[in-house]
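Visitor: Got a sequence here, can you build the structure:
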Amino acid sequence: MIRSMTGTGRAEAILKPHKAKLIVEIRSSNHKFFELSLKLPTVLAGYESSIREAISRKIYRGSLQLAIIIQGANGDKTSNQNEHSYTRTFTLDYDLLANLLDLSKTLKEDYKISGDININTILSFPGMVVPAKTLEQNKNKDLWQHVHKTTIKALTSLNKMKCEEGAFLYRDFVRRITTIMQSLKNIEKRSKIMRQELKERIIPNTEQGAQLELLSASRAIAEELVRLSSHTRAFLRTIRTKNIQSVGRKLEFILSEMLRETETILAKGRDTSISRDGIAIKEEVDALREQVRNVE
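Guide: Numbering: from 1, shown residues only. This is a model prediction of the structure:
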């Protein structure tokens, strides 16, 4: 079983007590590793790590963009300044304010520096305005429960699309591997014929040293053929596994090994027929490598 890395998912929920709608949208695209970009309402900023954990349990590879939106009864999207009943309130860091006023007093008395601190200076001072510690925690917890449930629904929708595309990839992979296996059979068959020809016609009329060299050349690709055949079977086992995690990276490794063996066969093969089938294998492996980049 394989999943592609591309797809979209969406889920909605009605927040009845607050006359609002919760929307979770997620988009996935190709990436070598797991990467997540979040766009959250201010009130959910403290739940970023929990959201990341929930997604990483369902998605193993790809670049993901997730947006969580809260809409009011009038259909308008909420902003960081207006989140309806989930509005975050702010207060002053009074310890910092007292320190700032003391510093101002010291500058005036000890260093005779004139000037006054006004409200604009206080409100714009870094760290002076902070979220109110009296924010209703139960309200946030209730919202998080809705967000978590809706996010899982969006992920389920995304993975359904990824599996559907993965089914198309699976059929293409099987077709290409079947072509590779047929080319391998052709090479093996031609290699046996070449060895027989050497034994029957060439070797009897050749000196012993040259005989050994010709026999060695005829057997040169035997090991590569065995390994390449083993890699094709490993590829099929991998795309049929029920464990989706790290399938894409494993397939990439198998194909790199397949390409290495194919290039060795092309370098060692001393026959037009073998070269033709070897080139056909290389073309299929290259096509598979392009496709596998889209596998989670």
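Visitor: all helices in the stretch 101-250 of the chain, in order from the N-terminus.
Guide: Remark: helices assigned in the stretch 101-250 of the chain by DSSP state H, counting those that start in this stretch are 119-124, 137-197, 208-218, 222-239, 247-268.
Visitor: avg pLDDT for the third one?
Guide: Here the mean pLDDT over helix 208-218 is 56, rounded to a whole number.
Visitor: Would you mind saying which of the helices of the stretch 101-250 of the chain lies nearest Ala67?
Guide: With C-beta to C-beta, the closest approach to Ala67 among the helices of the stretch 101-250 of the chain belongs to helix 137-197: 9.9 Å. The C-beta positions use only the backbone N, C-alpha and C, and glycine is treated the same way.
Visitor: helices and strands around the closest one, which ones?
Guide: In this structure, helix 137-197 packs against strand 7-15, strand 20-29, helix 48-56, strand 62-72, helix 208-218, helix 222-239, helix 272-292, with contacts taken as 3 or more C-beta pairs under 8 Å, 6 or more residues apart in numbering; DSSP states H and E.
Visitor: Tabulate those (JSON lines), appending mean neighbour count and distance to Glu257.
Guide: Shown next, in JSON lines, are these (neighbours: other C-beta atoms under 10 Å; distance: least, C-beta to C-beta, whole Å):
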{"stretch": "strand 7-15", "mean neighbour count": "17", "distance to Glu257": "29"}
{"stretch": "strand 20-29", "mean neighbour count": "20", "distance to Glu257": "27"}
{"stretch": "helix 48-56", "mean neighbour count": "14", "distance to Glu257": "29"}
{"stretch": "strand 62-72", "mean neighbour count": "19", "distance to Glu257": "24"}
{"stretch": "helix 208-218", "mean neighbour count": "13", "distance to Glu257": "24"}
{"stretch": "helix 222-239", "mean neighbour count": "17", "distance to Glu257": "5"}
{"stretch": "helix 272-292", "mean neighbour count": "18", "distance to Glu257": "10"}
